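**Student:** fold the following.
(one chain, ligands or ions: 1)
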Amino acid sequence: DATDKGEFRHYMMKEIYEQPKVISACLEGRISESKVLTSCFGADSAFLKEIENVHIVACGTSYHAGLVAKYWIEDLAGLPCSVEVASEYRYRKVAVPKKTLFLTLSQSGETADTLAALRMAKELGYLTTLAICNVPSSTLVRESALTLLTNAGPEIGVASTKAFTTQLTALLITSVAIAVENGLSAEKEKELVQAMRSLPAYVNAALLEDAHIKKIADRFANKNNALFLGRGTMFPIALEGSLKLKEISYIHAEAYPAGELKHGPLALVDEDMPIIALVPHNDMLDKLKSNLQEVAARGGELYVFADKDTDLHSEENIIFTEVPKVDSILEPIVHTIPLQLLSYHVAVVKGTDVDQPRNLAKSVTVE
Ligand code: G6P
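**Tutor:** Purely as a prediction, here's the structure:
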């Protein structure tokens, strides 16, 4: 029952722990052993063949999911994809290339800016409109031509957790479906689908670091600022991690693509500025390691989230948290889990109202 916290002290923690189950629910009926089942977009999936461009529009955490999808769509399908916050999109003149898919992301399906963006988009000659949404009866679902539900169940904590990881799951399904129509081989599709099938188990494995993360959260409680770093798909996850920390622990946090460190934020690094580094295990690993050295050389305290084969470990000024080693396509989803846990435990240490942070609403239905 969604309104029952069960064994948990807060809805947010309950929802964090529901993720293996709801990610399974999001995948259910949408993939076979080796393929994405395009019937999940409705009876007529012919639009997938026609897409030449994608515009993604959303707010808050949903916007961060869209930023990850840009990497996936451009990488797997080779199609241009742009991502924008709805409150900007709706107030400017947008140039729409031919055969562009308009894709909205929303937990609630009631966010005023996202709805206004959809209504505007419908006048701009898009190929079609697709909503990835968690609430089947929402206005966004009703007003979009196509829907892919995230199936996360009701989310009550104001800080979004399971809605985000199921949005990413739904976006991965969508990205692969578009890629298949744009030259992705059957072999690669099968590899990606098999990775997706293992996702709930890896999210479960990531949750096993909870007790360790709770311990390191104590070191954060007296900090006023934090800097999150990532590269590639880990950059939007850094943005999401910093948003979670701001929302519920009221610690000022920023996220930067690690390569931009030297263009400004390095000036902020000292022993009072914890740096949270999300380390991918791909060809960016060595680049990220050298970014970490830049920080360590300036006395910064580093919180490193990486798999153990990256050869990173705890040492002076480095606090290591292990993240399960996964296919790189899954890394942004699996790396989200420890950041949710970190912001949760920091908020509990600080004694804030975790489920109802000050000044924020679950669903922003007015401008
Ligand atoms: C509010 C919530 C956020 C959410 C954002 C977008 O700001 O507090 O958690 O990400 O709205 O909401 P939506 O329902 O459109 O995903």
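**Student:** quick one: the helices in this structure?
**Tutor:** 11-17, 19-27, 47-50, 60-72, 86-89, 112-121, 139-143, 162-180, 186-207, 210-217, 234-249, 285-296, 331-350 (DSSP state H).
**Student:** which of those comes out lowest on mean pLDDT?
**Tutor:** Ranked by mean pLDDT, the helices of the chain bottom out at helix 285-296, with a mean of 81.
**Student:** that one vs helix 234-249, what angle?
**Tutor:** 40 degrees (axes from the mean of the first three to the mean of the last three Cα atoms, to 10 degrees).
**Student:** which residue is the nearest non-sequential neighbour of whichever residue of the stretch 201-350 of the chain sits closest to the ligand?
**Tutor:** Closest approach between the stretch 201-350 of the chain and the ligand, counting by Cβ to the nearest ligand atom: E247, at 7.1 Å. Glycine gets a C-beta too; all of them are placed from N, C-alpha and C. The shortest distance from E247 to any non-neighbouring residue, by Cβ to Cβ, 6 or more residues apart in numbering, is to A159 (4.8 Å).
**Student:** so the one you found touches I248, yeah?
**Tutor:** Yes. If you go by Cβ atoms under 8 Å, A159 and I248 touch, sitting 5.1 Å apart.
**Student:** quickly list what's touching both of these two.
**Tutor:** Shared contacts of A159 and I248 (Cβ atoms under 8 Å, 6 or more residues apart in numbering): 12, 343, 354, 357.
**Student:** closest to the ligand out of those?
**Tutor:** Nearest to the ligand among the shared contacts of A159 and I248, with distances taken as Cβ to the nearest ligand atom, is P357, at 8.4 Å.
**Student:** spit out the contact partners of that closest one.
**Tutor:** Contacts of P357 by Cβ under 8 Å, 6+ apart are 158-159, 247-248, 250.
**Student:** how about 10 Å then?
**Tutor:** Going by Cβ atoms under 10 Å, 6 or more residues apart in numbering, P357 touches 12, 157-159, 246-250, 347.
**Student:** would you list those in TSV and tack on distance to P324 and neighbour count?
**Tutor:** Shown next, in TSV, are those (distance: Cβ to Cβ, whole Å; neighbours: other Cβ atoms under 10 Å):
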residue	distance to P324	neighbour count
M12	22	28
G157	24	23
V158	28	18
A159	23	30
K246	26	18
E247	26	23
I248	25	28
S249	25	27
Y250	30	16
A347	24	27
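**Student:** need the max-distance pair from those residues.
**Tutor:** The span of these, defined through Cβ to Cβ, is set by G157 and Y250 at 15.7 Å.
**Student:** so how far is I318 from Y71?
**Tutor:** 27 Å (Cβ to Cβ, to the nearest Å).
**Student:** same thing with I31?
**Tutor:** Distance, I31 to I318, by Cβ to Cβ: 38 Å.
**Student:** more neighbours: which of the two?
**Tutor:** Between I31 and I318, I31 has the larger neighbour count (other Cβ atoms under 10 Å), namely 21 against 18.
**Student:** show me what that one is bridged to.
**Tutor:** When bridges are called by DSSP bridges, I31 pairs up with V36.
**Student:** surely it and S24 touch.
**Tutor:** No. Counting by Cβ atoms under 10 Å, I31 stays clear of S24, with 11.0 Å between them.
**Student:** so what sits against both of these two?
**Tutor:** R197.
**Student:** residues of the stretch 51-200 of the chain that sit close to the ligand?
**Tutor:** 59-62, 106-108, 111, 114, 158, 160 (Cβ under 6 Å from any ligand atom).
**Student:** burial measure for the closest residue to Y126 other than its chain neighbours, as a count.
**Tutor:** Leaving aside its chain neighbours, Y126 sits nearest to F102 (4.2 Å; criterion: Cβ to Cβ, 6+ apart). For F102, the neighbour count with other Cβ under 10 Å is 27.
**Student:** now do the same contact list for the nearest residue to A201 once chain neighbours are set aside.
**Tutor:** Distances taken as Cβ to Cβ, 6+ apart put P20 closest to A201, at 7.2 Å, once the chain neighbours are dropped. Residues near P20 by Cβ under 10 Å, 6+ apart: 162, 165, 199-207, 337.
**Student:** filter these to the buried ones?
**Tutor:** Buried members of the contacts of P20, counted by 16 or more other Cβ atoms under 10 Å: 162, 165, 199-200, 202-207, 337.
**Student:** so who does the one residue sitting closest to the centre of the chain touch?
**Tutor:** In the chain, the residue lying closest to the centroid (Cα atoms, centre = their mean) is A65, at 4.1 Å. Contact analysis of A65 by Cβ under 10 Å, 6+ apart lists 56, 58, 83, 105-107, 132, 150, 160, 163-171, 236-237, 240, 332-333, 336.
**Student:** how far away is it from T310?
**Tutor:** From A65 over to T310 the distance is 25 Å, taken as Cβ to Cβ.
**Student:** in a markdown table, list the shared contacts of A159 and I248 along with distance to the ligand.
**Tutor:** A markdown table is the format used below for the shared contacts of A159 and I248 (distance: Cβ to the nearest ligand atom, whole Å):
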| residue | distance to the ligand |
| --- | --- |
| M12 | 11 |
| S343 | 12 |
| V354 | 13 |
| P357 | 8 |
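**Student:** export those to CSV and tack on distance to V295?
**Tutor:** Below are those laid out as CSV (distance: Cβ to Cβ, whole Å):
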residue, distance to V295
M12, 29
S343, 21
V354, 29
P357, 29
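**Student:** closest one of those residues to M273?
**Tutor:** Closest to M273, out of all of the shared contacts of A159 and I248 and judged by Cβ to Cβ, is S343, at 17.0 Å.
**Student:** tell me the contacts of the residue in the stretch 1-150 of the chain positioned nearest to the ligand?
**Tutor:** Proximity of the stretch 1-150 of the chain to the ligand (Cβ to the nearest ligand atom) peaks at G60, 2.8 Å away. Applying Cβ under 10 Å, 6+ apart, we find G60 in contact with 85-86, 105-107, 111, 113-114, 159-160, 164, 240, 243, 247, 360, 364.
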